[in-house]
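Student: Pasted the sequence and its predicted model underneath.
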Amino acid sequence: DAGITQSPRHKVTETGTPVTLRCHQTENHRYMYWYRQDPGHGLRLIHYSYGVKDTDKGEVSDGYSVSRSKTEDFLLTLESATSSQTSVYFCAIKSSGETQYFGPGTRLLVL
Amino acid sequence: EDQVTQSPEALRLQEGESSSLNCSYTVSGLRGLFWYRQDPGKGPEFLFTLYSAGEEKEKERLKATLTKKESFLHITAPKPEDSATYLCAVQPLRPQGGSEKLVFGKGTKLTVNP
């Protein structure tokens, strides 16, 4: 258990509405990541953070923004949700070496 | 382009029937290769990290090995509780920076019947 919690765990929203997902860690790790997981695709990196206020894009960042104002929290925002953003979202942290540890996930359904 | 291919997509074994899962990768340079286990409705659970060809790691009934082109996850005498999807990921080496991306395969769904 890497001390990662995600909230909400499940969310249903409508197209065009803003959505914010939260990742919280308790162990002061510098690196945090947001991934999405879809059938037929492997996990894909959306954004990551390497410190407070330091973030960078992953391979599927369009339509998403992130913020990290505190070490323990990494927020993922969908400014205007679309049906293509229906997915399972995982937060991860990097602990020893290069290994990433994942949270329990958030299931998002955009109608 | 960095790529990871896992085979087979699905594997059914009888309890006690040993087998191997394959992870083939194409990267310009390898910083690390990772194996995860994922149960339905849960996040990936870390199993192993391998950094260089020839390296091996073991944990209970699982053993991971690494060559310059592929990795194997060997499962010895599996039990029904080993049923899960096993994910492989590589971290490309980027001397110029930006090497935080993990490239994941699509996974192998393993079912072990009692």
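Tutor: Looks like it arrived, so ask away.
Student: Residue numbers of chain B in contact with chain A?
Tutor: Those residues of chain B that sit near chain A, judged by CB under 8 Å from any CB of the partner chain, are B:4, B:31-32, B:34, B:36, B:41-46, B:49, B:87, B:89, B:91, B:98, B:100-107. From N, CA and C alone the C-beta is placed, and that goes for glycine too.
Student: Just the buried residues of those.
Tutor: Buried members of the residues of chain B next to chain A, counted by 16 or more other CB atoms under 10 Å in any protein chain shown: B:4, B:31-32, B:34, B:36, B:43-44, B:46, B:49, B:87, B:89, B:91, B:100-107.
Student: list the contacts for the residue nearest to residue B:41 when sequence neighbours are not counted?
Tutor: With sequence-adjacent residues excluded and distances taken as CB to CB, 6 or more residues apart in numbering or on different chains, residue B:41 is closest to residue A:105, at 7.8 Å. Residue A:105 makes contact with A:6, A:9, A:37, A:88-90, B:41-43, according to CB atoms under 8 Å, 6 or more residues apart in numbering or on different chains.
Student: Then residue A:108?
Tutor: Residue A:108 touches A:11, A:13, A:19, A:21, A:81, A:85-89, counting by CB under 8 Å, 6+ apart.
Student: cool, and residue A:10?
Tutor: So residue A:10 contacts A:106-107 (CB under 8 Å, 6+ apart).
Student: swap in the one 4 residues further on?
Tutor: Shown in contact with residue A:14 (CB under 8 Å, 6+ apart): A:81, A:110-111.
Student: Next: residue B:90.
Tutor: B:2, B:4, B:25, B:27, B:30-34, B:102-103.
Student: Ramachandran angles for it?
Tutor: Backbone torsions of residue B:90, given as degrees, to the nearest 10, read phi -120, psi 150.
Student: do the same with residue B:81
Tutor: Main-chain dihedrals, residue B:81, degrees, to the nearest 10: phi -70, psi -10.
Student: Check which helices and strands the helix or strand containing residue A:66 sits against.
Tutor: In this assignment (DSSP states H and E), residue A:66 forms part of strand A:64-70. With contacts defined as 3 or more CB pairs under 8 Å, 6 or more residues apart in numbering or on different chains; DSSP states H and E, strand A:64-70 has these neighbours: strand A:32-37, strand A:44-51, strand A:54-57, strand A:73-78.
Student: Residue B:80 reaches residue B:112, doesn't it?
Tutor: Yes - counting by CB atoms under 8 Å, residue B:112 is a contact partner of residue B:80 at 5.0 Å.
Student: May I ask which helix or strand of chain B has the lowest mean pLDDT?
Tutor: strand B:103-104 (a mean of 94; mean pLDDT, DSSP states H and E).
Student: Spell out which strands sit alongside it in the sheet and which way each one runs.
Tutor: strand B:84-92 (antiparallel) (DSSP bridges).
Student: Strand A:32-37 and the partner strand, what's the angle between them?
Tutor: Strand B:84-92 runs at 130 degrees relative to strand A:32-37, counting by axes from the mean of the first three to the mean of the last three CA atoms, to 10 degrees.
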